[in-house]
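**Q** have a look at this prediction, sequence included:
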Amino acid sequence: MFSNAPTTRHDFADTRANAADAPRVKSVYSRLEAADAAELLAGADAADLHLLRLVGCAALATLLLALATSLSV
């Protein structure tokens, strides 16, 4: 019924097999290899601007709701 034989699972990577070699292994490809500093800064600035717009919209909606409730009295 139960087996102690190692079975490979295709949905998970076997990280225990290379655990001893991990500090010595160098990555073949880095995802930031093709991106330069200007592209990274532009992406970060765009994300910051998007977040700032989101916070501004939430603040404006809160202000308008407070104004609407004070006028309805």
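**A** Cool, the structure landed. From a predicted model like this one, the values you see are computed outputs, not experimental measurements.
**Q** hey, where'd the helices end up in this structure?
**A** Remark: helices assigned in the chain by DSSP state H are 37-71.
**Q** flag the shaky bits of it, pLDDT-wise.
**A** Applying pLDDT under 70 to the chain flags the ranges 1-35, 73.
**Q** one more pass at 90, please.
**A** Applying pLDDT under 90 to the chain flags residues 1-44, 72-73.
**Q** and Leu60, how close does it get to Leu49?
**A** 16 Å (CB to CB, to the nearest Å). In short, each C-beta sits where N, CA and C put it, glycine included.
**Q** repeat for Gly56
**A** Remark: distance between Gly56 and Leu49 (CB to CB) = 10 Å.
**Q** what about Leu54, neighbour count?
**A** 10 (other CB atoms under 10 Å).
**Q** residue contacts, it?
**A** With contact set as CB atoms under 8 Å, 6 or more residues apart in numbering, Leu54 has no partners.
**Q** i'd like the first residue to be 39 from this point on
**A** Sure thing, new numbering starts at 39, so read that last one as Leu92.
**Q** now Ala80: how far from Asp74?
**A** 10 Å.
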